[in-house]
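Trainee: Attaching a predicted model along with its sequence, questions to come.
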Amino acid sequence: MKLATAAGLLRSGQAGVLLSLQRLLKPYYRVCFLGAAAGSGLLRRLAGDPVSLDRLATDFAVAPEARRPRGVARPRRGPG
């Protein structure tokens, strides 16, 4: 955020609204995650024994490219 924008928020009295909104978003995202995890069956799958990430990806048919964290390059295969 630019300094002029932050100063404008403080002068207008809207900084408190922005900060309270930020406090509300964290629980909202948690509820969204739990709802999506329950809807997909992930919570039911994790309720049993521990499961590896690769096994979860296989169970939920996630493409191998999607399993790799962002910014991590594909391993290169050498000759032979």
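Mentor: It's in.
Trainee: now the helix or strand that contains residue 30: mean pLDDT?
Mentor: Using DSSP states H and E, residue 30 maps to helix 15-40. What helix 15-40 shows for mean pLDDT is 85.
Trainee: I'd like the next helix or strand past it.
Mentor: Proceeding C-terminally, helix 15-40 gives way to helix 42-46 as the next helix or strand, assigned by DSSP H and E.
Trainee: How far off centre is that following helix?
Mentor: The chain centroid and the centroid of helix 42-46 are separated by 17 Å, computed with CA atoms, centre = their mean, to the nearest Å.
Trainee: Just the C-alpha atoms of that helix, please, in PDB.
Mentor: Provided in PDB are the C-alpha atoms of helix 42-46 (Å, rounded to 0.1, in the frame of the first residue of the first chain):
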ATOM      1  CA  LEU A  42     -10.600 -35.200   2.700                       C
ATOM      2  CA  LEU A  43     -11.500 -35.000   6.400                       C
ATOM      3  CA  ARG A  44     -13.100 -38.500   6.300                       C
ATOM      4  CA  ARG A  45      -9.900 -39.800   4.700                       C
ATOM      5  CA  LEU A  46      -7.700 -38.200   7.300                       C
END
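Trainee: Buried residues of it, list them for me.
Mentor: Residues residue 42 are the ones in helix 42-46 that count as buried (16 or more other CB atoms under 10 Å). For every residue, glycine as well, the C-beta is placed using N, CA and C.
Trainee: just use 54 as the starting number from now, easier for me
Mentor: Shifting the count to begin at 54 puts that one at helix 95-99.
Trainee: Enumerate every residue touching the spatially closest residue to residue 109 that is not a sequence neighbour.
Mentor: Excluding its sequence neighbours, the residue lying closest to residue 109 (CB to CB, 6 or more residues apart in numbering) is residue 98, at 6.8 Å. Going by CB atoms under 8 Å, 6 or more residues apart in numbering, residue 98 touches 104, 109, 112.
Trainee: Only the buried residues of stretch 57-68, if you could.
Mentor: Buried, per 16+ other CB under 10 Å, within stretch 57-68: residue 62.
Trainee: confidence score at residue 115?
Mentor: For residue 115, the model assigns a pLDDT of 68.
Trainee: re the thing from before, out of the contacts of residue 98, name the ones that lie in helices.
Mentor: Judged by DSSP state H, the contacts of residue 98 include 109, 112 as members of helices.
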